[in-house]
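> just need the structure, nothing else, for what follows:
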Amino acid sequence: MVNQMNKLFTTTLLLILLSLSVGCTPSAKSEFGFRLPDGDADMGRETFAYMQCNQCHTVVGETFPAIPLADPPYVELGGNLSRIKTYGELVTAIINPSHKLAAGYEAEKVSEGGESNMYVYNGYMTVQELIDLVSFLQSTYHVVPPVYQYRVYP
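Presented below is the predicted three-dimensional model:
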């Protein structure tokens with residue numbers, strides 16, 4: 001009887017582990033294993049200016065020459081966040097700007113019909129420029145602990 005229970009337990013455990021491992025298989029569109037090489041933040045800053053990203057964006061702590069006839073909203077990049085801005089998020093924001101619209105801005109100011117107003121540079125930007133630009137942008141974000149205000153009860 002004990003031997004049958006051990007077999008049943010072992011079989012059940014194996015089935016559970018097998019079903020869990022199937023759920024861990026990445027999909028064809030998974031970012032698993034995707035990693036671009038490290039870039040040069042200084043070259044990324046040059047790319048930011050060359051591609052005229054400052055026409056619509058400001059970067060905390062950085063100054064770029066003014067672009068004539070550029071109108072706000074200046075979507076702010078960089079600065080202090082309570083969570084890290086991941087490499088994947090930055091790459092996605094650049095190559096697929098409509099994937100996620102800028103938070104904190106009125107949708108009609110940063111998009112039209114649900115599509116981002118950001119110009120898509122995919123046909124003009126080299127992979128090296130993308131890598132360097134992401135390195136530059138990542139260097140402008142700083143993770144800080146969130147500020148909580150706790151209520152003190154008398």
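
> show residues contacting stretch 84-94.
With contact meaning Cβ atoms under 8 Å, 6 or more residues apart in numbering, stretch 84-94 is reached by 31, 34-36, 99-100, 121, 125, 130, 133-134, 137-138, 141, 143. In short, each C-beta sits where N, CA and C put it, glycine included.

> nope, stretch 110-124 is what I was after
Met51, Cys56, Pro73, Val75, Ile94, Ile95, Pro97, Ser98, Leu101, Ala102.

> from the contacts of stretch 84-94, pick the one nearest Tyr150.
Using Cβ to Cβ, Val143 comes nearest to Tyr150 of these, at 21.4 Å.

> which stretches in the chain count as helices?
Applying DSSP state H to the chain gives helices spanning 2-23, 41-50, 87-95, 107-110, 127-139.

> make JSON lines from these and add distance to Val152 to it.
JSON lines is the format used below for the helices of the chain (distance: least, Cβ to Cβ, whole Å):
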{"stretch": "helix 2-23", "distance to Val152": "45"}
{"stretch": "helix 41-50", "distance to Val152": "43"}
{"stretch": "helix 87-95", "distance to Val152": "37"}
{"stretch": "helix 107-110", "distance to Val152": "39"}
{"stretch": "helix 127-139", "distance to Val152": "38"}
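
> just name the most buried of these.
When you average the neighbours per residue for each of these (mean count of other Cβ atoms under 10 Å), helix 127-139 leads with a mean of 20.

> avg pLDDT for that one?
Mean pLDDT, helix 127-139: 96.

> and it, what does it pack against?
If you count contacts as 3 or more Cβ pairs under 8 Å, 6 or more residues apart in numbering; DSSP states H and E, helix 127-139 packs onto helix 41-50, helix 87-95.

> with that, I have no additional questions.
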